[in-house]
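Engineer: how would this look folded up:
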Amino acid sequence: MTTTAKTHDANFFEKNAAQVRCFESNSRANDDQSGTVSKRPSFLHEFLEMQAEKAPYQTALESADQKLTYQALNSRANQVANYLIGKGVQTGDVVALYQERSVDLFICLLGVLKAGAAYLPIDPDETPASASNIVAKFDPKCILTTKKLSENLTPSSYERSVAVDEKRESFDTLSSQNRIFGNRNITAEDTSHIMFRADPDGALEYMKVRHREAVTQLRSLLSVYGLDNSQRCYQENSLAFDVAVEEVWAMLSAGATVILRENRNTASANMTARFLSEQTITLYSTVPEILAGIEDELSNVNVLIIGRKRCSSELAVKWALKKQRVVSLKNSNDRFPSFSIDQESRPILRPRLLRLHSGKRMAA
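Structural biologist: Okay, here's the model as predicted:
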């Protein structure tokens, strides 16, 4: 995959700051009314730390050959953070993630955030030239990669790369305890990650997302999808694209399990359906083209998210009649569902949730 994209300098929610503050105010008001007093995460990685404390032995990540609990994921991410800090990574720096889909990729992603930096995913399917262009554009302080993929980097990029598959023993010597990262001077206005999204014309553009924006979106998604720690989600999409937020951050924030699959690119729609069945996947995020090609029942899936492109009401109702709850995101510009259908094919619009790009509040 070769990515050609323009840079979007403005932060994603900048034009909708009033609506974001309104949502956050409503959320705090709900807590006040319920009498709930709890720590509200200000940063993405704090969601994970809370889950590691709440349910340390719950499985967070699962691949063909490895399972990692929330406690283990948090501990290993701390080691990566300490390694990066030791290499001079500071708040405001960018650290690139140029790795195949694996448990290590997610450990590194969290470690970058804990170190106070922003992560920049580079899809391993990018051509060497395209990967080099992305590195040149964002000038990351460090590139966390693998020995195999590091061979694709230019000499200047290679010098700042770290092959994590060769550094595991070094990571293991570092502290795995949560450290006080306040001295990193991280604020909610700092960039958490850089991603791609499609503009209204379908062209890809880079977006810098701040912690505040990402946390606000997560709180909304948790409410819309009704997630809890019993959910199992198939992580299908590239971390370089914003749809991965639904698959990764929303699930980890809820204490659920994210299922990784390495050879996803060669799988047909029905092969994917069989994988979903075998792995008892309960939440599946996909696009209309793939969903339309699935003939098998998805008996375990209870939340079906259709994103990136407009989904026809016929396709949504078809799957709602199969007892799935369908949530449709019209395209990647819509940060909240355009419509939702319950198991009886009735539209659901949740109160106090905002369609930020339209500036309209969704009413029950």
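
Engineer: Surely Val95 is in a strand?
Structural biologist: Yes - secondary structure assignment (DSSP: H, G, I helix; E, B strand; the rest coil) places Val95 inside a strand.

Engineer: residue contacts, it?
Structural biologist: Val95 sits next to 84, 89, 112, 115, 117-120, 140-144 when contact means CB atoms under 8 Å, 6 or more residues apart in numbering. (Glycine included, C-beta is placed from N, CA and C.)

Engineer: And stretch 215-235, what's buried?
Structural biologist: Neighbour-count burial for stretch 215-235, with 16 or more other CB atoms under 10 Å as criterion, is recorded at 215-225, 227, 229, 231-235.

Engineer: Same question for stretch 88-104.
Structural biologist: Residues 89, 91, 93-104 are the ones in stretch 88-104 that count as buried (16+ other CB under 10 Å).

Engineer: So which of the contacts of Val95 is the closest to Asn178?
Structural biologist: Distance ranking of those against Asn178, using CB to CB, places Ala115 first at 12.9 Å.

Engineer: The spatially most central residue of the chain - nearest residue in space that isn't next to it in sequence?
Structural biologist: If you average the C-alpha coordinates of the chain and look for the closest C-alpha using CA atoms, centre = their mean, you land on Val245, 2.9 Å from that point. Here the nearest residue to Val245 in space, its sequence neighbours aside, is Gln217; by CB to CB, 6 or more residues apart in numbering that works out to 6.6 Å.

Engineer: From what I see, Ser268 and Glu295 are in contact.
Structural biologist: No - the criterion here is CB atoms under 8 Å, and Ser268 misses it with Glu295 at 10.4 Å.

Engineer: Which one's more surrounded, these two?
Structural biologist: For Ser268 and Glu295, the more surrounded residue by other CB atoms under 10 Å is Ser268, and the numbers stand at 11 against 8.

Engineer: residues touching that one, list them.
Structural biologist: Gly293.

Engineer: Would you mind measuring from it to Glu236?
Structural biologist: When distances are taken as CB to CB, to the nearest Å, Ser268 and Glu236 turn out to be 13 Å apart.

Engineer: which stretches of the stretch 101-250 of the chain form helices?
Structural biologist: Listed in chain order, the helices found in the stretch 101-250 of the chain under DSSP state H, counting those that start in this stretch are 103-114, 128-138, 147-150, 155-158, 168-172, 211-225, 244, 250-253.

Engineer: what about Glu189, neighbour count?
Structural biologist: Neighbours of Glu189 using other CB under 10 Å come to 10.

Engineer: Kindly state the beta-bridge partners for the closest residue to it other than its chain neighbours.
Structural biologist: With CB to CB, 6+ apart as the criterion, Glu189 has its nearest non-adjacent residue at 5.6 Å, and that residue is Arg210. For Arg210, the residues forming beta bridges with it (DSSP bridges) are Thr191.

Engineer: was I right about Arg210 contacting Asp190?
Structural biologist: Yes - at 6.5 Å, Arg210 and Asp190 qualify as touching, with contact defined as CB under 8 Å.

Engineer: Contact partners for Leu283?
Structural biologist: Applying CB under 8 Å, 6+ apart, the residues contacting Leu283 are 225, 227, 231-234, 251, 256, 301-305.

Engineer: Which of those fall within strands?
Structural biologist: Judged by DSSP state E, strands contain the following of the contacts of Leu283: 232-234, 303-305.

Engineer: For stretch 157-166, C-alpha coordinates in PDB please.
Structural biologist: Once side chains and other backbone atoms are set aside, the C-alpha atoms of stretch 157-166 remain, and they are given as PDB (Å, rounded to 0.1, in the frame of the first residue of the first chain):
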ATOM      1  CA  SER A 157      16.100   6.600   9.400                       C
ATOM      2  CA  TYR A 158      17.900   3.400  10.200                       C
ATOM      3  CA  GLU A 159      20.200   5.200  12.600                       C
ATOM      4  CA  ARG A 160      17.300   6.100  14.900                       C
ATOM      5  CA  SER A 161      15.500   2.800  14.600                       C
ATOM      6  CA  VAL A 162      15.100   0.200  17.300                       C
ATOM      7  CA  ALA A 163      14.400  -3.400  16.400                       C
ATOM      8  CA  VAL A 164      12.200  -4.400  19.300                       C
ATOM      9  CA  ASP A 165      12.500  -8.100  18.500                       C
ATOM     10  CA  GLU A 166      16.200  -7.800  19.300                       C
END
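
Engineer: What's the mean pLDDT across that stretch?
Structural biologist: Over the span of stretch 157-166, the pLDDT mean works out to 93.

Engineer: Ok, stretch 195-207 next?
Structural biologist: Here stretch 195-207 scores 71 as its mean pLDDT.

Engineer: again with stretch 93-113
Structural biologist: Taken as a whole, stretch 93-113 carries a mean pLDDT of 95.

Engineer: just how off-centre is stretch 89-107 within its chain?
Structural biologist: For stretch 89-107, the gap between its own C-alpha mean and the chain's C-alpha mean amounts to 13 Å (CA atoms, centre = their mean, to the nearest Å).

Engineer: Only C-alpha atoms, please: export it in PDB.
Structural biologist: Provided in PDB are the C-alpha atoms of stretch 89-107 (Å, rounded to 0.1, in the frame of the first residue of the first chain):
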ATOM      1  CA  VAL A  89      12.400  10.900  24.100                       C
ATOM      2  CA  GLN A  90      10.600  13.900  25.600                       C
ATOM      3  CA  THR A  91       7.100  15.300  25.700                       C
ATOM      4  CA  GLY A  92       6.100  16.500  22.300                       C
ATOM      5  CA  ASP A  93       8.300  14.200  20.400                       C
ATOM      6  CA  VAL A  94       7.000  11.800  17.800                       C
ATOM      7  CA  VAL A  95       7.900   8.100  17.900                       C
ATOM      8  CA  ALA A  96       7.100   6.000  14.800                       C
ATOM      9  CA  LEU A  97       5.700   2.500  15.000                       C
ATOM     10  CA  TYR A  98       6.800   0.500  11.900                       C
ATOM     11  CA  GLN A  99       5.800  -3.000  12.800                       C
ATOM     12  CA  GLU A 100       3.700  -5.900  11.700                       C
ATOM     13  CA  ARG A 101       0.500  -6.500  13.700                       C
ATOM     14  CA  SER A 102       1.600  -8.200  16.900                       C
ATOM     15  CA  VAL A 103       1.400  -8.000  20.700                       C
ATOM     16  CA  ASP A 104       4.700  -6.100  20.600                       C
ATOM     17  CA  LEU A 105       3.200  -3.400  18.400                       C
ATOM     18  CA  PHE A 106       0.600  -2.600  21.100                       C
ATOM     19  CA  ILE A 107       3.100  -2.800  23.900                       C
END
